[in-house]
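**Q** Let's see this in three dimensions:
(one chain, ligands or ions: 2)
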Amino acid sequence: MRIESIELRKIFLPYLSPFETSGWREQGSHAIIVRMQADGIVGWGEAPVGENPFYNEENQKSAWSILQDYLAPLLLRVDLASPWDVTPAFARVRGNRMAKAGLEFTVWDLFARREGRSLANLLGGTRDRVEVGVSVGIQKDLPTLLAVVAGYLSEGYSRIKLKIKPGWDIEPARAVRESWPELRLQVDANSIYRLQDAAHLAQLDAFNLLLIEQPLAHDDIFDHAELKRSLKSPLCLDESIVSPDHARWAISLQACDIFNIKPSRIGGLGDAKRIHDLAQAAGMAVWHGGMLETGIGRAVNVALASLPNFTLPGDISANDRYFARDIVQNPFTLNPDSTLTVPTGLGHGALVDEAYLDDITLERWELRA
Ligand code: OSB
Ligand code: MG
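**A** Ligands and ions are numbered 1, 2, ... in the order given. Got it, this is the predicted structure:
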């Protein structure tokens, strides 16, 4: 397959409410949306970069320039025998994995469409529904948090993740656990703690958590291995696992019990699937994270989460948890059993609302072969 054209758009799509973590607060999606054409087929993808480089090193401006100056021109020069050829074609460009993923997802969508298959089917998915929960940002006080959690539970979500930081960790976890003794509950620190905080973090062991996500540095595997020995709660890595090699190192060092897999963080679906398979072979559970994607990235995530070793609920909530209006015509809705249904149509299945996408586009750029 030769890609004939690549169109990029910078967007701003406001969230229903600002999303706050231990390290940043954002008001909406600053993703880059990708549209490609090949063999008379149109594919769509998303690089779910943030406004600022506070989750990883990328942001909307950096991805925009790396895509235009390097990745899009490289992709137009490759004859693709399969979507697996994209990642090696980008290998010379270091890092910038979300920018790479935006293009790689779109190529998977094109191949699935050309073969008349769904993306989930092409990836080897085995589920028709995926279990999901909600990631709840830092709130202004505990009563507000309890009301926000109660709202999501009443919508039917059966697993809650709390964003934590120093001063907003033990008490929020305790308050939610006391209100809902049976709730599937987990926390995410987004790299704000250090190894010296081990005793402090061990207080979270009292709350029967599914997992504690990424307490230590974004690029650490070594200290997490030591921290893990002092925690009873399962330890999960997000930011630190950016490639199959990082996954292998974490398994070998016993740095965690669980991986959060986000194909955007990992540079694409191919390497995300490799990590899924490595974890499965090592007997390690994985779950699907999220980057507050629009309906395009969300459909990609749902397809990947249909693989067999995604055994814990994903941060892949229904579109209406994020946006008053999304850029797709067929948003996911939550099933009563806290699942989303895996699309069976062509490709990832998101039907882009191009008129609304135009409305929220800040800048467009196109490259033709
Ligand atoms: O660390 O998992 C994270 C959102 C943006 C950046 C990082 C993270 C998150 C979330 C939200 O937790 C998950 C979602 O998309 O609902
Ligand atoms: Mg996380």
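**Q** mind listing what the most centrally placed residue in the chain touches?
**A** Most central in the chain under CA atoms, centre = their mean is Gly290, positioned 2.8 Å from the mean C-alpha point. Applying CB atoms under 8 Å, 6 or more residues apart in numbering to Gly290 gives the contacts Ser135, Lys262, Arg298, Asn301, Gly314, Asp315, Ile316, Ser317. To be clear about C-beta, it is placed using only N, CA and C from the backbone, and glycine gets the same treatment.
**Q** would you list those residues in CSV and tack on distance to Ala285 and secondary structure?
**A** Shown next, in CSV, are the contacts of Gly290 (distance: CB to CB, whole Å; DSSP: H, G, I helix; E, B strand; the rest coil):
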residue, distance to Ala285, secondary structure
Ser135, 18, strand
Lys262, 15, coil
Arg298, 22, helix
Asn301, 17, helix
Gly314, 12, strand
Asp315, 15, coil
Ile316, 16, coil
Ser317, 20, coil
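**Q** now the residues you listed as TSV including distance to Arg368 and neighbour count?
**A** Putting those into TSV (distance: CB to CB, whole Å; neighbours: other CB atoms under 10 Å) gives the following:
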residue	distance to Arg368	neighbour count
Ser135	39	23
Lys262	31	27
Arg298	29	27
Asn301	29	32
Gly314	37	26
Asp315	36	25
Ile316	34	28
Ser317	37	22
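**Q** wait, which of the residues you listed is closest to Ile66?
**A** Taking CB to CB as the measure, Ile66 lies nearest Lys262 of the contacts of Gly290, at 18.5 Å.
**Q** State the distance from the closest one to ligand 2.
**A** 8 Å (CB to the ion, to the nearest Å).
**Q** That residue reaches Leu237, doesn't it?
**A** No - between Lys262 and Leu237 there is no contact under CB atoms under 8 Å: 11.3 Å.
**Q** ok, Leu302 to Gly133 distance?
**A** Just to correct that, residue 302 is Val rather than Leu. 14 Å (CB to CB, to the nearest Å).
**Q** These two: who's more crowded?
**A** Per other CB atoms under 10 Å, whichever of Val302 and Gly133 has more neighbours is Val302, with 28 against 25.
**Q** what's the spacing between the helix or strand encompassing the more buried one and its chain's center?
**A** For Val302, the host element (DSSP states H and E) is helix 295-304. Here helix 295-304 is found 9 Å from its chain centre; the criterion is CA atoms, centre = their mean, to the nearest Å.
**Q** Any idea which residue of this structure lies closest to ligand 1?
**A** Ligand 1 sits closest to Gly290 of the chain, with a gap of 2.3 Å, by CB to the nearest ligand atom.
**Q** Quick check, pLDDT for Trp24.
**A** On pLDDT, Trp24 comes in at 97.
**Q** Which neighbouring residues are in contact with it, exactly?
**A** Contacts of Trp24 by CB under 8 Å, 6+ apart are Gly50, Asn52, Phe54, Tyr55.
**Q** In a markdown table: these, plus distance to ligand 2.
**A** Formatted as a markdown table, the contacts of Trp24 follow (distance: CB to the ion, whole Å):
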| residue | distance to ligand 2 |
| --- | --- |
| Gly50 | 13 |
| Asn52 | 16 |
| Phe54 | 12 |
| Tyr55 | 8 |
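**Q** Neighbour count says what about these? Which are buried?
**A** Burial by neighbour count, judged by 16 or more other CB atoms under 10 Å, picks out Gly50, Phe54, Tyr55 from the contacts of Trp24.
**Q** Surely the second one touches Arg25?
**A** No - using CB under 8 Å, Phe54 and Arg25 do not qualify as a contacting pair, with a distance of 9.4 Å.
**Q** Just list the residues touching Gly156, thanks.
**A** Contacts of Gly156 by CB under 8 Å, 6+ apart are Leu334, Asn335, Pro336, Asp337, Ser338.
**Q** With respect to Val352, which of these is nearest?
**A** Nearest to Val352 among those, with distances taken as CB to CB, is Leu334, at 21.6 Å.
**Q** For the spatially closest residue to Pro336 that is not a sequence neighbour, give its distance to Asn208.
**A** Nearest-residue entry for Pro336: Gly156, 5.8 Å, with adjacent residues in sequence omitted and distances by CB to CB, 6 or more residues apart in numbering. Gly156 sits 22 Å away from Asn208, going by CB to CB.
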